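*Asks:* Mind looking at a prediction? Sequence and model below.
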Amino acid sequence: MGPRWSPRRGGNLTAEPVIDVRGLTKHYADIKAVDGISFEVEKGQMFALLGPNGAGKTTTVEILEGLRDPTSGEARVLGVDVRKGYRKIRNRVGVLPQDFEPFDRLKPREAVAYWAKLFDRTLTKEEVAGLIRTVGLADRADTLAMNLSGGEKRRLGIAMSLVGKPKLVFLDEPTTGLDPGARRELWGLIRQLKSEGTTILLTTHYLDEAEQLADDVAIMNHGKIVARGSPANLITQFGAGAVIVLAGAGDAGLQAVSQRGVDAELNGSDVWVRVPIASDMRGMLEKLAAIDTPVTEIYTKRASLEDVFLKVVGARMQEGVLAA
Amino acid sequence: MSRILADVSAFGKMYLRSRVGTFFALAFPIILILLFGAIFSSSGSPQVPLYVQNKDCHPDCTPASLAFVEALNNTTLITYQGIPENAIFQDYIRQHSINVALQIPSGFQETLVSAGSGNASAQVHVLLAGDQTQSSYGIAYSAVAGVANGFNLKIANATKVVDVAQTEFAVRHFSYIDLFLPGIIGFTVLTTPLFGMTSICAEYRTRRFFKLLATTKLSKAQWLAGKIVFHIVLLFVSLGLMVLTGIFVFKMQAVLTPMALVLVATGTLEFTSMGMALGIFVRDPETGAAIANAIGFPMMFLAGSFFPVDAMPSFLQTTARFLPLTYVNEGLRATMTFANDATALVDTLITLAFAIVFFIVAARGLSWKSK
């Protein structure tokens, strides 16, 4: 597959995408883990597959990593059919698998040097130290991996995925199970990778992670892509504008707002009023200011991917699980 | 090749840092050699404690009964332990959990004198009590029957017509350790890679290391080759320690031959591959341990690691012919103890054939990918 005409990118003649997926399926008995998905990832892009557990994200990524064979469809990575020529591109692809665990009894310095040799690269001591410094493990380079924290282990995993100087890195749920501090530190590292021009395919069930990091997001559910676009475009398309929150207004507040002909919903003890069109914001605020129900606070909130997810999937997601 | 060496180096570091594997590969065989060597090497054959109640005492024991006990002691097959004359024989045996006991009846000397005077009907029974299924009973019976026969010959004034002359059939004087140590080497060649590899396969599968390795350029065959190289180095070190222990502690005569090194390397290839082939069926550490134990333990006993295959019932001897460890044990004994490299070569080739089959099954059957 050579250069091709791409209407999505303004009709320019462009290079082949780094990842190109067409009608990909993976079926197990009566389960459709991946059900005819198509997408492409451009060079230097950070692409996120977002969805709950069991949506088909990891199955998709493992097909793209050459670790599973698809049932049907086409998947090309760096121009190579994943079913045929993966050996040719192994050292151009970095992988951080889901639930990555390092070898307990190797130190980060040893693990990075060992992993590089499995890609036919012999790193100098300085190169090893540089990679370890990049992922922020300089102080822990000589600590057995079994004694590293969860966040440090993932950082080591990212260092190992980078030993071949890959053009493309797969990060399968890189921050799952980490505390918020460790997650934000990893986000910084992932942003740094992207800034260096590495193409990244990220899977996550954290909506904020996809919104913060990704250039392009595909929301998956039941093996299908149910929405696709940049976070900003998705929010514009599905997020229903902004929300005015009447904190602590409760049932009385909801009743008072409804009596004024305004659609609202109760979220806990807060009343949410959606304002789809930005120019209507002032008028709506004036209307709500006239309500005398006690509130603790009034503030506006931009729609987020959470709203998009609720709209396209029909349920909220908590730690990868869809709420009823 | 550099991938294999890198894997050997990294795996070696992890293995040696775990301590458990190192203990079982290096220290445990030495402990077995010291233990079994101390039990069996000192006197050549074990002595059975024989509890004797001499009832032929009025009150002093008669010279004939004392001579019978002394003759038993002189056989070196038993060690004499006394039972009080007034104790109830059966109760004493039960209360003291005695395996085998002898009672010399009252009138023992009187009957011998009567027989010596020409009384053809004179007869006395010494009573041997014990569990006849135990080997100690058989040894005690041989000793008692031999001594009784000697007394009978003396009374009959008979002369010994058929006697047993003893000679050594080999140049070297073998001791127990010369036959036992090659078996322990075989045992180590079996257990270290087999148990190690099934456990590694279980860990690598549950912790997804196989999937991680599948994202590199290392192939399954290279990974397996790395494990084989590491285990060969480890077992050569273990072999050296075992042989040195045999020589310096037990004055072992068996020698470490080049053929023994070839056989140990081939056996290691065989059982490392077998461990990885079993890894095809291993889903978690518990399954791994169960499969390794179910196959390893019967094999180490049936293939002659601790007892010679020739001493087993014929159906077990037939079974042993199908066990890969049999040829490692027999080949090691042939070359190290009997300097018979021709037989050892045949055993090595059979071991190599098993090894090739296991390697192919392992490299093809064990999947790193998901379905």
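*Replies:* Happy to help now that I have it. Numbering: from 1, shown residues only, chains lettered A, B, ... in the order given.

*Asks:* is the closest residue to chain B within the stretch 201-324 of chain A in a bridge, and if so with what?
*Replies:* Taking C-beta to the nearest C-beta, chain B has its nearest neighbour within the stretch 201-324 of chain A at residue A:201, 13.6 Å off. Quick note: C-beta positions are derived from backbone N, CA and C, even for glycine. Note on residue A:201: beta-bridge partners by DSSP bridges are residue A:47, residue A:170.

*Asks:* OK, contacts around it?
*Replies:* For residue A:201, the contact set (C-beta atoms under 8 Å, 6 or more residues apart in numbering or on different chains) comprises A:19, A:41, A:47-49, A:61, A:64, A:168-171.

*Asks:* Same question for residue A:182.
*Replies:* Taking C-beta under 8 Å, 6+ apart, we find residue A:182 in contact with A:149-151, A:154, A:175.

*Asks:* what's the spacing between it and chain B?
*Replies:* Applying C-beta to the nearest C-beta, to the nearest Å, the value for residue A:182 to chain B is 20 Å.

*Asks:* Check whether that residue sits in a helix, strand or coil.
*Replies:* helix (DSSP: H, G, I helix; E, B strand; the rest coil).

*Asks:* Can you give me the neighbour number for the spatially closest residue to residue B:139 that is not a sequence neighbour?
*Replies:* Nearest residue to residue B:139, sequence neighbours excluded (C-beta to C-beta, 6 or more residues apart in numbering or on different chains): residue B:48, at 4.6 Å. By the criterion of other C-beta atoms under 10 Å in any protein chain shown, residue B:48 has 21 neighbours.

*Asks:* Which segments of chain A make up each domain?
*Replies:* Chain A breaks down into these domains under automatic domain parsing: A:4-229, A:239-316.

*Asks:* Is it possible to get those domains out as TSV so that each row also shows mean pLDDT?
*Replies:* As requested, the domains of chain A are arranged in TSV below (pLDDT from 0 to 100):
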stretch	mean pLDDT
domain A:4-229	87
domain A:239-316	85
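
*Asks:* Next, the contact list for the residue nearest to residue A:143 when sequence neighbours are not counted, please.
*Replies:* Spatial nearest neighbour of residue A:143, excluding adjacent residues (C-beta to C-beta, 6+ apart): residue A:107 at 6.2 Å. By C-beta under 8 Å, 6+ apart, residue A:107 lies in contact with A:141-145.

*Asks:* Highest mean neighbour count out of the domains of chain A?
*Replies:* Compared across these, domain A:4-229 shows the largest average neighbour count, a mean of 19 (mean count of other C-beta atoms under 10 Å in any protein chain shown).

*Asks:* For chain A, what lies in contact range of chain B?
*Replies:* A:28, A:62, A:65-69, A:87, A:90-91, A:93, A:95, A:97, A:99-101, A:103-106, A:110-111, A:114-115, A:117-120, A:122, A:144 (C-beta under 8 Å from any C-beta of the partner chain).

*Asks:* Mind doing that once more with 7 Å?
*Replies:* A:62, A:65, A:67-68, A:90-91, A:95, A:97, A:99, A:101, A:103, A:105-106, A:110, A:114, A:117-120 (C-beta under 7 Å from any C-beta of the partner chain).

*Asks:* Go through those and flag which are in helices.
*Replies:* Of those, the ones assigned to helices by DSSP state H are A:62, A:110, A:114, A:117.

*Asks:* Tell me the one among those nearest to residue B:22.
*Replies:* residue A:110 (18.1 Å; C-beta to C-beta).

*Asks:* What distance do you get for the most centrally placed residue in chain B to residue B:274?
*Replies:* When chain B is reduced to its mean C-alpha position, the nearest residue by C-alpha atoms, centre = their mean turns out to be residue B:306, at 1.6 Å. Distance, residue B:306 to residue B:274, using C-beta to C-beta, to the nearest Å: 20 Å.

*Asks:* Kindly report the same for residue B:35.
*Replies:* 27 Å.

*Asks:* Also residue B:148?
*Replies:* Applying C-beta to C-beta to residue B:148 and residue B:274 gives a distance of 53 Å.

*Asks:* Those two: which has the busier surroundings?
*Replies:* Using other C-beta under 10 Å, the more surrounded residue of residue B:148 and residue B:274 is residue B:274, with 28 against 17.

*Asks:* Check for me that that one belongs to a strand.
*Replies:* No: assessed with three-state DSSP, residue B:274 is helix; it does not lie in a strand.

*Asks:* That one contacts residue B:191, doesn't it?
*Replies:* No: if you go by C-beta atoms under 7 Å, residue B:274 and residue B:191 don't touch, sitting 11.6 Å apart.

*Asks:* The residue lying farthest from the centre of chain A - nearest residue in space that isn't next to it in sequence?
*Replies:* Distance from the centre of chain A peaks at residue A:292, with 42.6 Å (C-alpha atoms, centre = their mean). Excluding the flanking residues, the one nearest residue A:292 by C-beta to C-beta, 6+ apart is residue A:256, at 7.6 Å.

*Asks:* The helix or strand hosting residue B:149: which residues count as buried?
*Replies:* Assigned by DSSP states H and E, residue B:149 belongs to helix B:135-155. For helix B:135-155, the neighbour count (16 or more other C-beta atoms under 10 Å in any protein chain shown) marks B:136-137, B:139-141, B:143-144, B:147-148, B:151 as buried.

*Asks:* Good, wrapping up.
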